[in-house]
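Q: Following is a predicted model, sequence given first.
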Amino acid sequence: MGLLLIGVGSIFVQYLWHAYLRAAEMDGWIAVPCEIVTVELDDTERNQRGMTKYVFQITYDYHYEGETRTGNRFRRLSLTASDPRKLQHHLEDYAVGTKTVCHVDPAAPENSVIKKDSKAALYTIWFPCLFVVGGAGMIFSALFRKSA
């Protein structure tokens, strides 16, 4: 049981650590002005239950190193919801013609996002660490238990 807890905890610790590293990597991205060209909710996809999945889609133009480029990612991962009202404020905040800031990867300027990833994974990594420590404690106590 202790090995199982260590294994499962380690998998989640590793997942959260890599999520944090991806978000921290975005700190080096350069903020540039951009202008929203198109914005819409795509309702052609279905979720795992077969219900409509609404996907927030956006296109924006930005200038980087003297070249005009087009980006289409709001965040690194798609912004989806099962209810279009949950995405309505994004449609209002990023209406066509709105000028905002996007973040460009200097190593690959074709990669850009409007919102960078959150580093919250680092703040929650302690929880799966409890499973690793608990599993190690179970193994330690089983190996070094004094017989009564």
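A: Received it, and whenever you're ready, just let me know what you need.
Q: Every contact and neighbour count from this point should use C-alpha atoms.
A: Noted.
Q: and the longest strand for the protein?
A: Across the chain, the longest stretch assigned as strand under DSSP state E is strand 30-46.
Q: Can you give the domain ranges for the protein?
A: Taking automatic domain parsing as the domain assignment, the ranges for the chain are 1-27+117-148, 30-115.
Q: Next, format those domains as a markdown table and append mean pLDDT and mean neighbour count.
A: A markdown table is the format used below for the domains of the chain (pLDDT from 0 to 100; neighbours: other C-alpha atoms under 10 Å):
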| stretch | mean pLDDT | mean neighbour count |
| --- | --- | --- |
| domain 1-27+117-148 | 90 | 15 |
| domain 30-115 | 90 | 16 |
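Q: show me where this protein has helices.
A: With DSSP state H, the ranges of helices along the chain come out as 2-25, 88-93, 120-124, 126-143.
Q: Spatially central, which residue of the chain would that be?
A: Nearest to the mean C-alpha position of the chain, by C-alpha atoms, centre = their mean, lies Asp117 at 5.0 Å.
Q: thought that residue was touching Arg75?
A: Yes: in this structure, Asp117 is within contact of Arg75 by C-alpha atoms under 8 Å, at 6.9 Å.
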